[in-house]
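J.: Sequence and predicted structure are below.
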There are 4 protein chains.
Amino acid sequence: MAQEFRSARSDEERRARLQSILRAALEAFAEKGLGATRLEDIAIRAGIAKGTIYLYFPSKQAVFEELIRSAIVLPVDMLRTKMLAPDLPAQAVFGFLSHWVRDEFLGTDRETIARLVLSEVGRFPEIAAFCHRELVHPAMEFLREIAQRAYERGEFGSDALVRFPQLAVSSVILAITWNDLFQEVEPLDQESMIETHLDLLQRAMRSSR
Amino acid sequence: MAQEFRSARSDEERRARLQSILRAALEAFAEKGLGATRLEDIAIRAGIAKGTIYLYFPSKQAVFEELIRSAIVLPVDMLRTKMLAPDLPAQAVFGFLSHWVRDEFLGTDRETIARLVLSEVGRFPEIAAFCHRELVHPAMEFLREIAQRAYERGEFGSDALVRFPQLAVSSVILAITWNDLFQEVEPLDQESMIETHLDLLQRAMRSSR
Amino acid sequence: MAQEFRSARSDEERRARLQSILRAALEAFAEKGLGATRLEDIAIRAGIAKGTIYLYFPSKQAVFEELIRSAIVLPVDMLRTKMLAPDLPAQAVFGFLSHWVRDEFLGTDRETIARLVLSEVGRFPEIAAFCHRELVHPAMEFLREIAQRAYERGEFGSDALVRFPQLAVSSVILAITWNDLFQEVEPLDQESMIETHLDLLQRAMRSSR
Amino acid sequence: MAQEFRSARSDEERRARLQSILRAALEAFAEKGLGATRLEDIAIRAGIAKGTIYLYFPSKQAVFEELIRSAIVLPVDMLRTKMLAPDLPAQAVFGFLSHWVRDEFLGTDRETIARLVLSEVGRFPEIAAFCHRELVHPAMEFLREIAQRAYERGEFGSDALVRFPQLAVSSVILAITWNDLFQEVEPLDQESMIETHLDLLQRAMRSSR
DNA sequence: GATGAATGAGCGTTCATTCAT
DNA sequence: TATGAATGAACGCTCATTCAT
């Protein structure tokens, strides 16, 4: 039992350290990119030794993968909750997106991770597939279903979002990408732009015919 | 005159080889990313020796920069032409974008280069600034002016595109990014999606008020 | 305390390895010259891996510089000691030089390093300036002062060594250089030559008028 | 005969170009050292193409060797002339050396080449042997013979220069080396120093006993 | 477990040398 | 003969990974 107890404490500590590595990695990757980040950069940020990382992850790439993976778990759970109650009035989806982006995405780690995914995951088909399977596809299906229902009910005057639900978040992708590239020279008011875009979409979907 | 002729041929050959290096680099970078592409990968693709690249470019990064630069020259020229005659009816801008994307962007080297820019240029502030100054900013101003005029004339019922002209191309960014990440697992009909998005925008802008 | 102990041992080991790298470098440089010595040559001689050198020195040139630097520290300290008691009878300086060259220079690492300095440091103005400032200039001033006093007291019949104290060691330079170039074909009895030269100087300085 | 004539002119041109390469090489080597001088540096200085050098020399090292070789031919011839009339009064040798150094060595290409020899030839045993055989040894023997005769006649009160004739030029070696290393920080009046040294030697040798 | 010294494969870049023109 | 573009071996340096303590 002492053993168990110690073990329990150990587990907790282990989890805490693992998190601190992931956090350090997130900061380092965000700052310099996957390729240019040295394991030591991460170790220093996490306040541990280089070798210690290997007690938690088998390789640098694995750190990156786990970073993405762990960042995707929570949103997915949240999404599941929403999906259980998918009967919200169709127009509400725009408001929901707008609030979620503003309150739970922009300026949070999630945005940073999304930035990382957009710029690095292209070289990691497996991680891309994971992101798609776990997050992107379910989310798109969620949006599609709402759009589908709205279209069937006549709330939406177009099946555009049924066919391409990702259009609903195109401005989010744009916002992330723009600031990744041009923050220094022409920073973008991401929030306003996304809201504006959602307004336009809403207006476009509303229109009869 | 023989001299001149030889020189002319030499120049032509030089240009040809330079192009073949840029092409090889484009393919290699597109496939493996800037960091993971070895100079030798490029050399092998171009059918030359590693050292030969240094007769044309001072460094690997310079190859990358020139790739971006050379890809930006033509679009910019085209843009200038269009900008000289900016009086096209506002709604035509959507049609113009749609055709340009379909005919001169998707499936061409430009798309590949755009993909590269989106994923790599975040680490090269100078190249980002160059892209912005030479292409992105002028293009956005071009769109903004059209939107402005249309808004003033009442052709557009919203100043959304005056404030955020980049929204007009958000679906293009999305299309590029999507296929970069998810081509394998869920390829996207980029053309249809972009057209659908432009339709939605057109519809939204048209709406009175 | 265990910590302290480990640390102490670590420091000692670090110093020992650093010395072994410097020794390996000395041998390698002496044999092949700075330019022709590969980092790996040094590593192999030191029985370590190439990369290990970079844990102790930031670059190949830094190894070279440290080699020179460390060789200059001790002689300088010794020189300082002597300079604190500069009242030795003037003629004694020749005896002192003779013994120092024989006992503490010829056949030691110092000679090897001097050889290196003479043949390589011409391309490194900063190291040259360092050698001059730390060793050569003080030593020359030391000799000059003795000569000056001797000249004023009438012990020296010439101010030659006041004006050019370096003449007192010209035969040392010659001895080093000769054996560097001609050891194989006509080895030189450095010791005898230097002693002979010092005798000549002594005799020349002694002569009245 | 036309053939011969053309050939003769060709030979002349060939010799001229060879000389221009050697001169360019001398300047380049003197400035940057053998290792750091690129073939192209020499070519540019000589106003020819890199490949052309290979029509005259089989390798970079061969250029260096020929440089040394060709610089040694003339002094050797001069030396031979002197050696044919070796009966000059012994004391005159110091004056002769003094004048030769001042008028035909310091500030001429010969000094530059000597500098090169002193710093680079240590790595080229064959060139060292050549220098020794062709120039250094004969010159030393020449000095030795004069010293020998002077000693036998009682003109010299010491056999020092019989045993170590190179001492007569030790200050020349010192002068070259000093300015190679310390020209920037403490330039040396080579001429005065050498003259001073020769005076000292003369005085020392004169002394009875 | 934690450390960080050690490793060595890997790559960008240079440049002596070659060779087609 | 002269050229200079092309070659590719060589080397300094980096850094992910290992392992003795």
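T.: Arrived safely.

J.: Please count neighbours and contacts with C-alpha atoms only from this point.
T.: OK.

J.: Tell me where chain A has helices.
T.: A:2-36, A:39-46, A:50-53, A:60-84, A:92-104, A:109-120, A:125-131, A:137-153, A:160-163, A:170-182, A:190-206 (DSSP state H).

J.: Turn these into a markdown table, including mean neighbour count and distance to chain D.
T.: Formatted as a markdown table, the helices of chain A follow (neighbours: other C-alpha atoms under 10 Å in any protein chain shown; distance: least, C-alpha to the nearest C-alpha, whole Å):
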| stretch | mean neighbour count | distance to chain D |
| --- | --- | --- |
| helix A:2-36 | 15 | 32 |
| helix A:39-46 | 18 | 35 |
| helix A:50-53 | 15 | 39 |
| helix A:60-84 | 15 | 40 |
| helix A:92-104 | 16 | 59 |
| helix A:109-120 | 20 | 41 |
| helix A:125-131 | 19 | 47 |
| helix A:137-153 | 19 | 60 |
| helix A:160-163 | 22 | 64 |
| helix A:170-182 | 22 | 41 |
| helix A:190-206 | 21 | 54 |
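
J.: Same list, these, but as TSV with mean pLDDT please.
T.: Below are the helices of chain A laid out as TSV (pLDDT from 0 to 100):
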stretch	mean pLDDT
helix A:2-36	85
helix A:39-46	97
helix A:50-53	97
helix A:60-84	82
helix A:92-104	89
helix A:109-120	95
helix A:125-131	94
helix A:137-153	91
helix A:160-163	96
helix A:170-182	98
helix A:190-206	95
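
J.: can you put those in CSV and add distance to residue C:134?
T.: Output for the helices of chain A, formatted as CSV (distance: least, C-alpha to C-alpha, whole Å):
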stretch, distance to residue C:134
helix A:2-36, 41
helix A:39-46, 38
helix A:50-53, 40
helix A:60-84, 47
helix A:92-104, 64
helix A:109-120, 53
helix A:125-131, 60
helix A:137-153, 71
helix A:160-163, 79
helix A:170-182, 52
helix A:190-206, 61
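
J.: right, and those - which one's nearest residue D:68?
T.: Of all the helices of chain A, helix A:2-36 sits nearest to residue D:68, with 49.3 Å by C-alpha to C-alpha.

J.: so residue A:79 touches residue A:141, yeah?
T.: No. Residue A:79 is beyond contact range of residue A:141, at 10.8 Å (criterion: C-alpha atoms under 8 Å).

J.: now the nearest residue to residue A:104 once chain neighbours are set aside: how far from DNA strand E?
T.: In space, and not counting its chain neighbours, residue A:104 is closest to residue A:110: 7.8 Å by C-alpha to C-alpha, 6 or more residues apart in numbering or on different chains. Residue A:110 is 27 Å from DNA strand E, where distance means C-alpha to the nearest atom of the strand, to the nearest Å.

J.: got it, and residue A:57?
T.: 10 Å.

J.: I'd assumed residue A:64 was in contact with that residue.
T.: No. Using C-alpha under 8 Å, residue A:57 makes no contact with residue A:64, being 9.7 Å away.

J.: Show me what from chain A comes close to chain B.
T.: Within chain A, the residues that sit near chain B (C-alpha under 8 Å from any C-alpha of the partner chain) are A:32-33, A:35, A:118-123, A:125, A:128-129, A:132, A:160, A:164, A:167, A:170-171, A:173-174, A:177, A:180-182, A:184-185, A:193, A:196-197, A:200-201, A:203-205, A:207.

J.: Settle this for me: residue A:179 is touching residue A:187, isn't it.
T.: Yes. Counting by C-alpha under 8 Å, residue A:187 is a contact partner of residue A:179 at 6.2 Å.

J.: can I see the domain layout of chain A?
T.: Per automatic domain parsing, the domain ranges recorded for chain A read A:1-57, A:66-206.

J.: how close does the residue in chain A that DNA strand E sits nearest to sit to DNA strand F?
T.: The nearest approach of chain A to DNA strand E comes at residue A:51, 3.2 Å away (C-alpha to the nearest atom of the strand). The gap separating residue A:51 from DNA strand F is 4 Å, by C-alpha to the nearest atom of the strand.

J.: residues touching that residue, list them.
T.: Residues in contact with residue A:51 (C-alpha atoms under 8 Å, 6 or more residues apart in numbering or on different chains): none are found.

J.: From residue C:153, how far out is it?
T.: Residue A:51 sits at a distance of 70 Å from residue C:153 (criterion: C-alpha to C-alpha, to the nearest Å).

J.: Which residues of chain A lie near DNA strand E?
T.: Residues of chain A found near DNA strand E, taking C-alpha under 7 Å from any atom of the strand as the criterion, are A:14, A:48-52, A:54-56.

J.: Select, from those residues, the two members most distant in space.
T.: Across the residues of chain A next to DNA strand E (C-alpha to C-alpha), the longest gap, 16.1 Å, separates A:14 and A:50.

J.: How about the residues of chain A by DNA strand F?
T.: Counting by C-alpha under 7 Å from any atom of the strand, the positions of chain A adjacent to DNA strand F are A:35-40, A:50-51, A:54, A:58-61.

J.: Ignoring the adjacent residues along the chain, who's closest to the residue of chain A found nearest chain C?
T.: Closest approach of chain A to chain C (C-alpha to the nearest C-alpha) occurs at residue A:40, with a separation of 14.1 Å. Excluding the flanking residues, the one nearest residue A:40 by C-alpha to C-alpha, 6+ apart is residue A:50, at 5.4 Å.

J.: which residues touch the one you found?
T.: Contacts of residue A:50 (C-alpha under 8 Å, 6+ apart): A:39-40, A:42-44.

J.: Identify, from these, the entry nearest to residue C:98.
T.: For those, the nearest to residue C:98 is residue A:40 (54.2 Å; C-alpha to C-alpha).

J.: how near is that closest one to residue A:49?
T.: For residue A:40 relative to residue A:49 (C-alpha to C-alpha), the value is 8 Å.

J.: ok, so what distance separates the closest residue to residue A:130 other than its chain neighbours from residue A:200?
T.: Spatially, and ignoring its direct neighbours in sequence, residue A:130 is nearest to residue A:69 (7.9 Å; C-alpha to C-alpha, 6+ apart). Per C-alpha to C-alpha, residue A:69 is found 33 Å from residue A:200.

J.: And residue A:151, by the same measure?
T.: Distance from residue A:151 to residue A:200, by C-alpha to C-alpha: 17 Å.

J.: With residue A:143 instead?
T.: Going from residue A:143 to residue A:200 by C-alpha to C-alpha gives 17 Å.

J.: wait, residue A:91 sits on residue A:202?
T.: Yes. If you go by C-alpha under 8 Å, residue A:91 and residue A:202 touch, sitting 7.1 Å apart.

J.: contacting residues around residue A:172?
T.: A:101, A:190, A:194.

J.: try 10 Å
T.: A:97-98, A:101, A:105-106, A:111, A:114, A:178, A:190-191, A:193-195, A:197, B:170, B:174 (C-alpha atoms under 10 Å, 6 or more residues apart in numbering or on different chains).

J.: for residue A:202, same thing?
T.: Contacts here follow C-alpha under 10 Å, 6+ apart; on that basis residue A:202 touches A:90-95, A:156, A:168, A:196, B:200, B:204.

J.: will you turn those into JSON lines that also has distance to residue B:27?
T.: Compiled in JSON lines, the contacts of residue A:202 are given as follows (distance: C-alpha to C-alpha, whole Å):
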{"residue": "A:90", "distance to residue B:27": "44"}
{"residue": "A:91", "distance to residue B:27": "44"}
{"residue": "A:92", "distance to residue B:27": "44"}
{"residue": "A:93", "distance to residue B:27": "41"}
{"residue": "A:94", "distance to residue B:27": "40"}
{"residue": "A:95", "distance to residue B:27": "42"}
{"residue": "A:156", "distance to residue B:27": "43"}
{"residue": "A:168", "distance to residue B:27": "32"}
{"residue": "A:196", "distance to residue B:27": "37"}
{"residue": "B:200", "distance to residue B:27": "35"}
{"residue": "B:204", "distance to residue B:27": "39"}
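
J.: Return the member of those residues nearest to residue B:75.
T.: residue B:200 (25.5 Å).

J.: What distance do you get for the residue nearest to the closest one when sequence neighbours are not counted to residue B:202?
T.: Distance criterion C-alpha to C-alpha, 6+ apart; nearest residue to residue B:200, sequence neighbours excluded, is residue A:204 at 5.4 Å. As judged by C-alpha to C-alpha, residue A:204 and residue B:202 stand 8 Å apart.
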